[in-house]
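Undergrad: my questions are about this predicted structure, shown below with the sequence.
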Amino acid sequence: MSTTTIILWIGTAIMTLGLLAFLGLTLKAPTENRSFFTITSLIALIAATAYFAMVTGYGSIVVGGRTFYFARYIDWVFTTPLLLLDLSLLALPTLSGNWNRIGTMIAADVYMIITGLVAGLINSNFKYVWFIASAIAFIVVLYNLLGYLFPLAAARGGEVKQLFNTLSILTAVLWICYPIVWLLGTEGIRLFSLPLEVGLFAILDILAKVGFGFVLLTSGVVLGR
Amino acid sequence: MSTTTIILWIGTAIMTLGLLAFLGLTLKAPTENRSFFTITSLIALIAATAYFAMVTGYGSIVVGGRTFYFARYIDWVFTTPLLLLDLSLLALPTLSGNWNRIGTMIAADVYMIITGLVAGLINSNFKYVWFIASAIAFIVVLYNLLGYLFPLAAARGGEVKQLFNTLSILTAVLWICYPIVWLLGTEGIRLFSLPLEVGLFAILDILAKVGFGFVLLTSGVVLGR
Amino acid sequence: MSTTTIILWIGTAIMTLGLLAFLGLTLKAPTENRSFFTITSLIALIAATAYFAMVTGYGSIVVGGRTFYFARYIDWVFTTPLLLLDLSLLALPTLSGNWNRIGTMIAADVYMIITGLVAGLINSNFKYVWFIASAIAFIVVLYNLLGYLFPLAAARGGEVKQLFNTLSILTAVLWICYPIVWLLGTEGIRLFSLPLEVGLFAILDILAKVGFGFVLLTSGVVLGR
Ligand SMILES: CC1=C(/C=C/C(C)=C/C=C/C(C)=C/C=O)C(C)(C)CCC1
Ligand SMILES: CC1=C(/C=C/C(C)=C/C=C/C(C)=C/C=O)C(C)(C)CCC1
Ligand SMILES: CC1=C(/C=C/C(C)=C/C=C/C(C)=C/C=O)C(C)(C)CCC1
């Protein structure tokens, strides 16, 4: 087995274990907070499926001589909005009056992933224009997360404030690494080899999904203690 | 014309007639129940379109020597959530407080269709892993339908209870036949020939959409009598 | 540079300028009307991205010897529902009780674009069946816009009535030109050359998105004056 294959199997395994753990935690979830558990389980399920597709060869194509894992983008286009939904529900238990901001944040996020996918498919330097469009959308996401949801969560005070603090900083730091890995990896300037890139993305994916999920679902806030 | 072509034309015709009948019934629909009529008409419209695409050759591709009708999955990814929406609206006239359960059911359903599509595209035995993932999601759908919506509908009593009884059992029985036909047909172990598989799917599709629609839209419950 | 390329660059530029202008207008938007500004900016952003994709060669494929711009349909499948959402929010500040009609209108619109895409991909005369399906869905959209939303907006009276009048007639007139250009252009009977078709679609897109957006976002109604 190649290094890449081993990494992808480890990714599949950890996402699956994360999924099982989240499903286990769901059993003791208080009814009014079940959304966090179902959303986070869905995130792990989608990631486990995408990793399995990538390791068995159905999640990549060859573009201009390099292996391009398109399955990541299918994963991300669903899981990043779900992660933002988790954070939004934490800051704002009733989303109804706030669809404008949350809608903007999720639309920017989806735009970021789709333009990132186009960038990844292109071999000429035009890819950097798409990269920049994606990065601008990413800034809009971060701005809404840290500039809008953050103060709202802080205003709720106590444990919610603390938890949102941890999760939003974790999210901001991890998410910023994605475009960096992309840029240095095989989609960008090719400083990193494919196995290195796949390994770094796997670490990020595990922390941003399974790590994030554990912090959220074992917190006193959502367990209602 | 080949047998397959004849069957697909019959499917197109019946879905179209079902659509016209549902549109006709919409004219006497009470305003507060119009959603059932528009959702059910949309289901028939999508199916008629998919059958027409399949019969004219734009709904299939050849994968490893066999004809694979991908248009079914485009049909199903829209129509199965709409069927579940019909059932959810019947059990719970106000969905607002119940998005968590209904969201879970619909997410599991979409996951079932997408993993089923991947399974259908694969020629090696890895397809059975995808089949199993799809089947587990299907169990989640059935569990939410029969274990969660069913008692809620029963609690509403009278005609609603009776109608939901009929429709949910009809749905459970028919939907269970889909993975069986798939498994015995050309996507699975190839016991059935393509025309037989196409014929069985056509019967199931007609019963699960047009049959379901007639029972729902001619019932006293939605006609407000 | 070919004529087509020049036109597409102009389209990209105007959509981008429209986007910047709308973002600028958003700064003075009253909080309760911000949805109009974010939705309309999103429309311009998607169009600018689609034009950029088309002009750099990543938005078209060759089908049976002709250049087919599939990126238009990706643009339209997102932007036409967003335009209808703008109009719906104008006629009905609270959408909640009206999801049935608005859902029908948007479902018909998405069906119109998807069947239009299939029509555009086909080279045989079967394309006209898909064109007719798309056109019927278009009539459903127009019927809901003019027969349902129009009287509701009129009932709100005053400036809203006036603004909805202007915007819905602008929309109806411009949108009707799309199937005509399509039919006379390279997807249809090929009376128009590709550059002429691209130019006409560009004019329509600019008026239906940037023109529409300016009328809406500089109106007293949404600026709250
Ligand atoms: C800005 C940018 C990117 C950002 C990606 C991000 C932020 C991904 C986050 C993924 C997560 C969090 C996944 C699962 O948990 C790309 C598409 C790499 C490349 C183009 C520029
Ligand atoms: C579990 C499973 C499947 C289930 C499909 C179902 C349940 C389809 C229902 C379709 C309906 C009801 C259509 C229209 O009315 C597949 C994808 C065949 C194959 C993989 C395993
Ligand atoms: C009826 C019909 C069509 C209608 C297209 C329309 C109405 C497009 C509107 C686009 C707008 C308004 C874009 C951006 O502002 C097609 C697909 C051309 C061809 C098939 C028949």
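TA: Received the coordinates, thanks. Numbering: from 1, shown residues only, chains lettered A, B, ... in the order given. Ligands and ions are numbered 1, 2, ... in the order given.
Undergrad: what ranges does chain A have for its helices?
TA: A:3-26, A:34-55, A:71-91, A:99-121, A:127-142, A:150-156, A:158-184, A:194-205, A:212-217, A:220-223 (DSSP state H).
Undergrad: for the residue most central in space within chain A, which non-adjacent residue is spatially closest?
TA: The centre of chain A sits closest to A:Thr80, judged by C-alpha atoms, centre = their mean, with a distance of 4.3 Å. Closest residue to A:Thr80 apart from its sequence neighbours, by C-beta to C-beta, 6 or more residues apart in numbering or on different chains: A:Asp109 at 5.1 Å. Quick note: C-beta positions are derived from backbone N, CA and C, even for glycine.
Undergrad: show the pLDDT at that neighbour.
TA: Note on A:Asp109: pLDDT of 98.
Undergrad: contacting residues for it?
TA: Residues counted as contacts of A:Asp109 (C-beta atoms under 8 Å, 6 or more residues apart in numbering or on different chains) are A:80-81, A:84, A:137, A:141.
Undergrad: buried set for stretch A:176-191?
TA: A:178-179, A:181-188 (16 or more other C-beta atoms under 10 Å in any protein chain shown).
Undergrad: now it: average pLDDT?
TA: pLDDT averaged over stretch A:176-191 gives 97.
Undergrad: do the same with stretch A:83-94
TA: In this model, stretch A:83-94 has an average pLDDT of 93.
Undergrad: off-centre distance for it?
TA: The chain centroid and the centroid of stretch A:83-94 are separated by 15 Å under C-alpha atoms, centre = their mean, to the nearest Å.
Undergrad: residues touching that stretch, excluding its own?
TA: Contacts of stretch A:83-94 (C-beta under 8 Å, 6+ apart): A:35-36, A:39-40, A:43, A:95, A:98, A:102, A:105-106, A:109, A:141, A:145, A:149-150, A:152-153, A:156, A:160, A:163-164, A:167-168, A:171, A:208-209, A:212, A:216, A:221.
Undergrad: in that stretch, what counts as buried?
TA: Residues of stretch A:83-94 classed as buried under the neighbour-count rule (16+ other C-beta under 10 Å) are A:83-92.
Undergrad: likewise for stretch A:22-39?
TA: By neighbour count on 16+ other C-beta under 10 Å, the buried set for stretch A:22-39 is A:22, A:25, A:29, A:33, A:35-39.
Undergrad: could those go into a markdown table alongside pLDDT and distance to B:Ile132?
TA: Below are these laid out as a markdown table (pLDDT from 0 to 100; distance: C-beta to C-beta, whole Å):
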| residue | pLDDT | distance to B:Ile132 |
| --- | --- | --- |
| A:Phe22 | 98 | 20 |
| A:Leu25 | 96 | 24 |
| A:Ala29 | 92 | 26 |
| A:Asn33 | 93 | 30 |
| A:Ser35 | 94 | 27 |
| A:Phe36 | 96 | 27 |
| A:Phe37 | 97 | 23 |
| A:Thr38 | 96 | 21 |
| A:Ile39 | 97 | 24 |
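Undergrad: out of the residues you listed, which is nearest to ligand 3?
TA: A:Ile39 (33.0 Å; C-beta to the nearest ligand atom).
Undergrad: my read: the closest one touches A:Leu82, true?
TA: Yes. Using C-beta atoms under 8 Å as the test, A:Ile39 is close enough to A:Leu82 to be in contact (5.3 Å).
Undergrad: whatever residue of chain A ends up closest to ligand 1: how many residues sit nearby?
TA: Residue nearest to ligand 1 within chain A: A:Gly116 (2.5 Å; C-beta to the nearest ligand atom). A:Gly116 has 26 neighbours, counted by other C-beta atoms under 10 Å in any protein chain shown.
Undergrad: grab the nearest non-local neighbour of it.
TA: Once flanking residues are discounted, A:Gly116 sits nearest to A:Ser134: 4.4 Å by C-beta to C-beta, 6+ apart.
Undergrad: what distance do you get for that neighbour to C:Ile39?
TA: The gap separating A:Ser134 from C:Ile39 is 21 Å, by C-beta to C-beta, to the nearest Å.
Undergrad: which of the contacts of A:Asp109 sits closest to B:Thr49?
TA: Distance to B:Thr49 across the contacts of A:Asp109 (C-beta to C-beta) is lowest for A:Pro81, with 28.1 Å.
Undergrad: the closest residue to that closest one other than its chain neighbours: neighbour count?
TA: For A:Pro81, ignoring the flanking residues on the chain, the nearest one in space by C-beta to C-beta, 6+ apart is A:Ile106 at 4.8 Å. Residues lying near A:Ile106 (other C-beta under 10 Å) number 19.
Undergrad: could I get the contacting residues of A:Ile106?
TA: A:81, A:84-85.
Undergrad: enumerate the residues of chain A near ligand 1.
TA: With C-beta under 6 Å from any ligand atom as the criterion, chain A comes near ligand 1 at residues A:76, A:79-80, A:83, A:112-113, A:116, A:119, A:131, A:134-135, A:138, A:175, A:178-179, A:182, A:205, A:208-209.
Undergrad: apply 5 Å and report the result again.
TA: With the criterion set to C-beta under 5 Å from any ligand atom, chain A comes near ligand 1 through A:76, A:79, A:116, A:131, A:134-135, A:138, A:175, A:178-179, A:182, A:208-209.
Undergrad: now do the contacts for A:Pro17.
TA: Not Pro; residue A:17 is Leu. A:Val210.
Undergrad: ok, now how distant is it from B:Gln162?
TA: Using C-beta to C-beta, A:Leu17 is found at 45 Å from B:Gln162.
Undergrad: could you do A:Val129 as well?
TA: The separation that A:Val129 has from B:Gln162, given C-beta to C-beta, amounts to 60 Å.
Undergrad: likewise for A:Ser96?
TA: 34 Å.
Undergrad: so out of everything in chain A, what residue is nearest ligand 2?
TA: Going by C-beta to the nearest ligand atom, ligand 2 is nearest to A:Thr49 of chain A, at 13.5 Å.
Undergrad: that residue contacts B:Met112, doesn't it?
TA: No. A:Thr49 sits out of contact with B:Met112 when judged by C-beta under 8 Å, with a separation of 11.6 Å.
Undergrad: who in chain A is up against chain C?
TA: A:99-100, A:103-104, A:107, A:111, A:115, A:118, A:121-122, A:126, A:129, A:133 (C-beta under 8 Å from any C-beta of the partner chain).
Undergrad: nearest to B:Phe68 among those?
TA: A:Leu121 (24.3 Å).
Undergrad: how much space between the residue of chain A closest to ligand 1 and C:Ile203?
TA: In terms of C-beta to C-beta, A:Gly116 sits 31 Å off from C:Ile203.
Undergrad: same check, this time on A:Ala44
TA: 48 Å.
Undergrad: of these two, which one has the most company?
TA: When A:Ala44 and C:Ile203 are compared for neighbours, A:Ala44 comes out ahead with 23 against 15, by other C-beta under 10 Å.
Undergrad: check what pLDDT A:Arg225 gets.
TA: The model's pLDDT for A:Arg225 equals 66.
Undergrad: A:Ile132 too?
TA: For A:Ile132, the model assigns a pLDDT of 98.
Undergrad: what residue ranges in chain A score low on pLDDT?
TA: Low-confidence segments of chain A (pLDDT under 70): A:225.
Undergrad: same thing but at 80, please
TA: Within chain A, the stretches with pLDDT under 80 are A:93-97, A:225.
Undergrad: quick one: end-to-end distance for stretch A:205-214.
TA: Taking C-alpha to C-alpha, to the nearest Å as the measure, stretch A:205-214 stretches 13 Å from start to finish.
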